[in-house]
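Peer 1: 3D, please:
(chains A and B)
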2 protein chains.
Amino acid sequence: MSELVTPHVAQGGIRTAYIMPNLVPPLTKTEAVLAYKKDLERIAPNTEFLMTLYLHPEVTPEEIRKAAKAGVSGVKSYPRGVTTNSSSGIEDYGVYYPVFKAMEEEGMVLNLHGEVPSDDEKNISILNAEKHFLEHLRKLAADFPNLRIVLEHVTTSEAVECVKSLPANVSATITAHHLWLTIDTVAPQPHHFCKPLAKEPKDRKALQDAIKSGNPKFFLGSDSAPHPSASKAPSISSSGELHACAAGCYTSPYLVPLVATLLESFGALDQLAGYVSEHGRAFYKVPAKAGDELTLRRPATAVKVPARLDGAEGIEVVPFWAGKELGWEIVN
Amino acid sequence: MSELVTPHVAQGGIRTAYIMPNLVPPLTKTEAVLAYKKDLERIAPNTEFLMTLYLHPEVTPEEIRKAAKAGVSGVKSYPRGVTTNSSSGIEDYGVYYPVFKAMEEEGMVLNLHGEVPSDDEKNISILNAEKHFLEHLRKLAADFPNLRIVLEHVTTSEAVECVKSLPANVSATITAHHLWLTIDTVAPQPHHFCKPLAKEPKDRKALQDAIKSGNPKFFLGSDSAPHPSASKAPSISSSGELHACAAGCYTSPYLVPLVATLLESFGALDQLAGYVSEHGRAFYKVPAKAGDELTLRRPATAVKVPARLDGAEGIEVVPFWAGKELGWEIVN
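Peer 2: Prediction:
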């Protein structure tokens, strides 16, 4: 899968990728992160990979100092059980305060999967899990005013408003797919199922408006997640019970053309550079280099997202927007 | 498909079935309804079928009189586009007032699929489509106080409260699957995708509490919908775009044992007869006959819902709760 998808980052118009640590097993040690980075660089030598650790009891303040020295950019927090490979995720931020303190001192970024686990008794479901997470975000932002925090892949108007209201050390990413999906197109289609779930039209509009406003707190985080198409289809285990489909949408191979097409659809094409590149680079303090410029054009002949992407050993991924026409293509 | 599923009604412990008219083409004429009934009776001669017309411009007050004379029990209304085969559905109830008047006079029942079509501009999605429908229900109930109305397959606390607040001519059905599903188990699983969508834990609890209370306004409507398993899996059209999965859960072959298992799980087993049989029969004025009694027992050896049901010509249906164990079985 890595061999198939890693080159897609550059193909989609992206020079610098921020790499998630939710592998099996999760990347909780600097050595493991560096080994993963080396592997990615081998496959795609012209892509810059910013690496992260997986927030976990193994990630101590000492590990943070070591990771920072080794050039690791951030730490990703997954509440337990809320998304792909998050069974090692955290349950309580209090115990990680010494870790966050060390991150603040070392200038590392905290990336939050902003959902709390579902709880029937408290009426917490995947519909309101993000909203319930915001109190944690507010507290972390207040307790660590110099820690850069990213609320990842926001999906609700409440999250947008919350991030807007917090100081400049708190940003949010918005995915390409959440600019298009709502619950109506997610529920009947496993290839649209992702965490956090896409929600109501008003929520999608809040994401679009955040980009349209040019507020530098909001930038692209693709959350591009390739899953073998078999894990997106209903299947029955040996005991006869149904398996849940995997969560994630895959946009890497045509990410910038897709984003341009979507931004144009809601009148925000003028924000393309800010949303895709400038705001994120400024927040991460990773300036663009000479030669990083990307030029798009309207395709002379129709360019469609392929129906499937085929890798070695029968790997097959159905990308987001399969079969749909892109309004832009990359020139260089 | 009919040959496979029609005998399942009796197998699941049901003597009298209320038959929906959303065939292709929809059943808008008394003759078509009677022909369908004849076909069902041929397949399952020991099941009693109560028949319905599909609310449509072809259903005139004259057609209502004719249908009533022929023994048709009710008329089902599908707002346009909200569920399986509803593209012929209605957009405005005003034009049907003469039809409802005739139904009221003839003692026919109006069955409502209680969702309005989604509308991005108004922030109407499949999450709040039922809530937005309730104003139509209230108006119909006020304008036709002698028309028996059933709000079908309710899924929200708001719908339960609304039906409770209306006079005795308004009832609601609750499906078996909505007593178990919430959005968390629907989103990752096409076999759990149904319309209306299962919603939050508080909504499921409202359905369970409505049954637990013994309120005769609430009774079983299975909304049992068999779909070939291929139409529950993601598939790509010739143009390369993704098809939406079909909406519906199939519970017929083990309906009463499933309902007993679910009711027991939330402490409402004492309401089984009322919910499954008595309340609905009273509302429809279709009393039980001698010999209709059903006895359940705890299975001596584990009884599981089959992983799949196979029909002729390669038809395959994955039932709701596939592979799960039922706490009860039918004796007679």
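
Peer 1: which SSE is the residue lying closest to A:Ala17 once chain neighbours are set aside in?
Peer 2: Nearest residue to A:Ala17 in three dimensions, chain neighbours excluded: A:Val9, at 4.8 Å (C-beta to C-beta, 6 or more residues apart in numbering or on different chains). For glycine as for every other residue, the C-beta is placed from the backbone atoms N, C-alpha and C. If you go by DSSP states H and E, A:Val9 is part of helix A:2-11.

Peer 1: show me what stretch A:117-130 is in contact with.
Peer 2: The contact list for stretch A:117-130 (C-beta atoms under 8 Å, 6 or more residues apart in numbering or on different chains) reads A:79-82, A:114-116, A:132, A:154-156, A:158-159, A:195-197, A:199, B:127, B:182-184, B:187, B:199-202.

Peer 1: show the buried residues in these.
Peer 2: Restricting the contacts of stretch A:117-130 to buried positions leaves A:79, A:82, A:114-116, A:132, A:154-156, A:158-159, A:195-197, A:199, B:127, B:182-184, B:187, B:199-201, with burial counted as 16 or more other C-beta atoms under 10 Å in any protein chain shown.

Peer 1: residue numbers of the stretch 1-150 of chain A in contact with chain B?
Peer 2: A:118, A:120-121, A:123-128 (C-beta under 8 Å from any C-beta of the partner chain).

Peer 1: what about 6 Å?
Peer 2: Residues of the stretch 1-150 of chain A lying near chain B by C-beta under 6 Å from any C-beta of the partner chain: A:118, A:120, A:123, A:125-127.

Peer 1: redo those residues as a markdown table? Include pLDDT and distance to A:Ser224.
Peer 2: Listed next are the residues of the stretch 1-150 of chain A next to chain B as a markdown table, based on pLDDT from 0 to 100; distance: C-beta to C-beta, whole Å:
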| residue | pLDDT | distance to A:Ser224 |
| --- | --- | --- |
| A:Ser118 | 94 | 25 |
| A:Asp120 | 96 | 32 |
| A:Asn123 | 97 | 32 |
| A:Ser125 | 97 | 25 |
| A:Ile126 | 97 | 20 |
| A:Leu127 | 98 | 23 |
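
Peer 1: show me where the stretch 151-300 of chain A has its helices.
Peer 2: Here the stretch 151-300 of chain A has its helices, by DSSP state H, counting those that start in this stretch, at A:157-165, A:183-186, A:201-212, A:255-265, A:272-273, A:279-284.

Peer 1: coming back round to it: could the residues of the stretch 1-150 of chain A next to chain B go into JSON lines alongside secondary structure?
Peer 2: Formatted as JSON lines, the residues of the stretch 1-150 of chain A next to chain B follow (DSSP: H, G, I helix; E, B strand; the rest coil):
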{"residue": "A:Ser118", "secondary structure": "coil"}
{"residue": "A:Asp120", "secondary structure": "helix"}
{"residue": "A:Asn123", "secondary structure": "coil"}
{"residue": "A:Ser125", "secondary structure": "coil"}
{"residue": "A:Ile126", "secondary structure": "coil"}
{"residue": "A:Leu127", "secondary structure": "coil"}
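
Peer 1: pick the one among these closest to B:Asp310.
Peer 2: A:Ile126 (33.4 Å; C-beta to C-beta).

Peer 1: which residues does the residue of the stretch 151-300 of chain A found nearest chain B contact?
Peer 2: Closest residue of the stretch 151-300 of chain A to chain B, C-beta to the nearest C-beta: A:Gly240 (2.9 Å). A:Gly240 sits next to B:307, B:322-323 when contact means C-beta atoms under 6 Å, 6 or more residues apart in numbering or on different chains.

Peer 1: any regions of chain A where pLDDT drops low?
Peer 2: A:88-89, A:91 (pLDDT under 70).

Peer 1: gap between A:Lys232 and A:Glu115?
Peer 2: Using C-beta to C-beta, to the nearest Å, we find A:Lys232 at a distance of 21 Å from A:Glu115.

Peer 1: residue closest to the middle of chain A?
Peer 2: Geometric centre of chain A, nearest residue: A:Asp223, 2.7 Å, by C-alpha atoms, centre = their mean.

Peer 1: does that one touch A:Ala176 like I think?
Peer 2: No. Using C-beta atoms under 6 Å, A:Asp223 is not in contact with A:Ala176; the gap is 8.8 Å.

Peer 1: and the residues of the stretch 1-150 of chain A next to chain B, which are buried?
Peer 2: Buried among these (16+ other C-beta under 10 Å): A:118, A:123, A:125-127.

Peer 1: which residues are contacting stretch A:271-282?
Peer 2: If you take C-beta under 6 Å, 6+ apart as the criterion, stretch A:271-282 is touched by A:211, A:214, A:216, A:219-220, A:259-260, A:263, A:287-288.

Peer 1: which positions in that stretch come out as buried?
Peer 2: For stretch A:271-282, by 16+ other C-beta under 10 Å, it's A:271-272, A:274-281.

Peer 1: dump those residues to a markdown table, plus distance to A:Val24.
Peer 2: Shown next, in a markdown table, are the buried residues of stretch A:271-282 (distance: C-beta to C-beta, whole Å):
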| residue | distance to A:Val24 |
| --- | --- |
| A:Gln271 | 37 |
| A:Leu272 | 35 |
| A:Gly274 | 36 |
| A:Tyr275 | 32 |
| A:Val276 | 30 |
| A:Ser277 | 31 |
| A:Glu278 | 35 |
| A:His279 | 32 |
| A:Gly280 | 27 |
| A:Arg281 | 31 |
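
Peer 1: how much space between A:Leu294 and A:Ile330?
Peer 2: Between A:Leu294 and A:Ile330 the computed distance is 6 Å (C-beta to C-beta).
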